[in-house]
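Asker: Got a sequence here, can you build the structure:
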Amino acid sequence: MNQKDEKEVKSMFVDKAEIYLRSGKGGDGFVSFRREKYVPDGGPDGGDGGKGASVIAIVDEGLRTLMDFRYKTKYAAEDGQNGGKKRCSGRDAQNLYIKVPPGTIIREKETGGIIADLTENGEEFVIARGGKGGRGNWHFKNSVRQAPSFAEQGRKGTERNVILELKMLADVGLVGYPNVGKSTILSAITKAKPKIANYHFTTLRPNLGVVEIIRGKSFVLADIPGLIEGAHEGIGLGHEFLRHVERTKVIVHVVDVSGLEGRDPIQDFDQINDELELYNPKLAGRHQIVAANKMDLVFEDDKYDAFKTEMESRGYTVFPISAATGKGVDELMQHVTLMLDDIEIEPLYSEDEYFVEEDKGPAEMEYSMAGDIYLVTGEPAERLVYATDFDDDESLRHFQMILAQRGVFEKLKEMGIQDGDTVRVVDIEFEFYE
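Answerer: Take a look at the predicted model:
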């Protein structure tokens, strides 16, 4: 396959993409006091910040590829609105919905763990949750502190790089070497219209069709592009196409038994199965039926008989067919239809393959040194500094009280701090004295 053909493949059917996501930050709480005509010293009435928007994946059955994600790779959700006066809460941001086709797997890029496996139309999953809004200053009023001049900062959103993989939803997959007649079979028994030609590499994209041989019993059939040796290693776009076999309950292995191209059907059968097992050992356990195709071109019965005997000795059921004339195809599909009734759906992934977000518990202060300066950083420190009015005595006392409650001074003592040493909390510096 030349570079032009490879570009055509990728432009026609995109089934893998990497995107960056950021959920919205929560709105900040507001600092405000009542200012009424006859109430000169009114109480605090700063409102709460609104919730930041989450990034949510939603399945749209009208989509068939991940093409849209080739052109847009960054998605940032809206931040929550800040609080206002008179206890007015900020507006919650509208969630950002990302549409994906049925059969989309979402992986966390760094670990490769599975975040979600989305298959049903309309199914939703929160990939990145929005930040919580901060509380306004009226929440901090008590019997001692009558006029708190500080509020909470909204919590940050979540940033995440994810991999989207499309694994097509098909009950039955047609596999086999290139040019064995899979596309012809699909077009003969479904309304699908795949491009059919004498490709010695592969059909350019997976094709889906609905089969209903027995009235009231239908299933989805996928023509998986022809595989070649080394497909499990990604040779010849192998990885891109092998993933679409993983969801199938039954594999129909199409083999050219005519031998007109000088190929050995048994060797071809073994080679394809080797590629399936090397790519994913679970595929070796799938129910498999052998379709001995191009029987209209078999002029020596002993060739087919030898092939059938070998396959049946391995426990496979063999159906002699001719996709070109249609002979035997209905019988094959009737057998497949009845088989599907007795096969239970197995989970595509085990529990240990899923991404589990680490529960870090409440965020902690972080401590380090920069020369002879003691540094206190981390999200709690940033939120505290942001909420403090350092020109207001009461707000400053609250700042010191929180540092004491969080054990910051004790930790600094353990690090060896002495009176007169400099402490920097985020970007605020002061001298330490007990």
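
Asker: who does the residue most central in space within the chain bridge with?
Answerer: Nearest to the mean C-alpha position of the chain, by C-alpha atoms, centre = their mean, lies residue 106 at 1.0 Å. Beta bridges link residue 106 to residue 116, residue 164, judged by DSSP bridges.

Asker: who touches it in this structure?
Answerer: 57, 100, 114-118, 125, 127, 162-164 (C-beta atoms under 8 Å, 6 or more residues apart in numbering). Bear in mind the C-beta positions are built from the backbone N, C-alpha and C, glycine included.

Asker: Among these, the buried ones, what's the PyMOL command?
Answerer: One line in PyMOL is enough to select the buried members of the contacts of residue 106, burial here meaning 16 or more other C-beta atoms under 10 Å:
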select buried, resi 57+100+114+115+116+117+118+125+127+162+163+164
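
Asker: Could you export the contacts of residue 106 as TSV, including distance to residue 134 and pLDDT?
Answerer: Listed next are those as TSV, based on distance: C-beta to C-beta, whole Å; pLDDT from 0 to 100:
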residue	distance to residue 134	pLDDT
57	28	95
100	32	93
114	33	87
115	28	90
116	29	89
117	35	88
118	33	89
125	27	94
127	24	94
162	28	94
163	33	93
164	33	93
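
Asker: Any chance of TSV for the contacts of residue 106, columns distance to residue 426?
Answerer: Shown next, in TSV, are the contacts of residue 106 (distance: C-beta to C-beta, whole Å):
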residue	distance to residue 426
57	35
100	39
114	37
115	32
116	35
117	41
118	40
125	35
127	30
162	30
163	34
164	36
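
Asker: what secondary structure does residue 139 sit in?
Answerer: helix (DSSP: H, G, I helix; E, B strand; the rest coil).

Asker: ok, it - how many residues close by?
Answerer: Each residue near residue 139 was counted by other C-beta atoms under 10 Å, and the total is 16.

Asker: And residue 67, by the same measure?
Answerer: 16.

Asker: rewinding a little: could you tell me how far the residue nearest to the centre of the chain is located from residue 20?
Answerer: Remark: distance between residue 106 and residue 20 (C-beta to C-beta, to the nearest Å) = 13 Å.

Asker: same question, residue 67
Answerer: Going from residue 67 to residue 20 by C-beta to C-beta gives 18 Å.

Asker: what's the answer for residue 73, then?
Answerer: Using C-beta to C-beta, we find residue 73 at a distance of 6 Å from residue 20.

Asker: repeat for residue 383
Answerer: For residue 383, the distance to residue 20 - C-beta to C-beta - is 25 Å.

Asker: of the two, who's got more company?
Answerer: More crowded of residue 383 and residue 20, by other C-beta under 10 Å: residue 383, with 20 against 13.

Asker: for that one, what are its contacts?
Answerer: 134, 152-153.

Asker: and it, helix, strand or coil?
Answerer: Classified using three-state DSSP, residue 383 is helix.

Asker: okay, it: pLDDT?
Answerer: The model reports residue 383 with a pLDDT of 78.

Asker: Just the C-alpha atoms of stretch 97-110, please, in CSV.
Answerer: C-alpha atoms of stretch 97-110 as CSV (Å, rounded to 0.1, in the frame of the first residue of the first chain):
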residue,chain,number,x,y,z
TYR,A,97,-21.1,17.3,26.0
ILE,A,98,-18.9,15.4,23.6
LYS,A,99,-20.6,13.1,21.1
VAL,A,100,-19.1,9.8,20.4
PRO,A,101,-20.2,6.8,18.2
PRO,A,102,-21.5,3.6,19.8
GLY,A,103,-18.7,1.2,20.8
THR,A,104,-16.3,4.0,21.9
ILE,A,105,-13.7,3.1,24.6
ILE,A,106,-12.2,6.0,26.6
ARG,A,107,-8.8,5.5,28.1
GLU,A,108,-6.7,7.6,30.4
LYS,A,109,-3.6,8.3,28.4
GLU,A,110,-0.9,8.1,31.1
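
Asker: what stretches of the stretch 301-434 of the chain score poorly on pLDDT?
Answerer: 345-363 (pLDDT under 70).

Asker: the helices in it, which residues?
Answerer: Ranges of helices within the stretch 301-434 of the chain are 301-313, 329-341, 379-386, 393-405, 408-414, based on DSSP state H, counting those that start in this stretch.

Asker: can I get the ones you listed in TSV with distance to residue 84?
Answerer: TSV is the format used below for the helices of the stretch 301-434 of the chain (distance: least, C-beta to C-beta, whole Å):
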stretch	distance to residue 84
helix 301-313	75
helix 329-341	59
helix 379-386	18
helix 393-405	20
helix 408-414	32
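
Asker: what's the most buried one of the ones you listed?
Answerer: For these, the largest average neighbour count (mean count of other C-beta atoms under 10 Å) is found in helix 379-386, namely a mean of 19.

Asker: so what's the nearest residue to residue 328 once chain neighbours are set aside up against?
Answerer: In space, and not counting its chain neighbours, residue 328 is closest to residue 321: 3.6 Å by C-beta to C-beta, 6 or more residues apart in numbering. Shown in contact with residue 321 (C-beta under 8 Å, 6+ apart): 185, 291-293, 295, 327-329, 331-332.

Asker: run the last query once more with 6 Å
Answerer: For residue 321, the contact set (C-beta atoms under 6 Å, 6 or more residues apart in numbering) comprises 291, 293, 328-329, 332.

Asker: List just the nearest of those to residue 419.
Answerer: residue 291 (86.0 Å; C-beta to C-beta).

Asker: neighbours of that closest one, just the number please.
Answerer: A count of nearby residues for residue 291, using other C-beta under 10 Å, gives 27.

Asker: Pretty sure it sits in a helix.
Answerer: No - for residue 291, which was evaluated using three-state DSSP, the result is strand, with no helix membership.

Asker: Pull up the gap between the residue nearest to it when sequence neighbours are not counted and residue 108, please.
Answerer: Excluding the flanking residues, the one nearest residue 291 by C-beta to C-beta, 6+ apart is residue 254, at 4.7 Å. Separation of residue 254 from residue 108 (C-beta to C-beta): 37 Å.

Asker: Low-confidence regions, the stretch 51-200 of the chain specifically.
Answerer: 190-200.

Asker: Okay, domains of this protein per the record?
Answerer: Structural domains assigned to the chain are 12-166, 172-346, 366-431, following automatic domain parsing.
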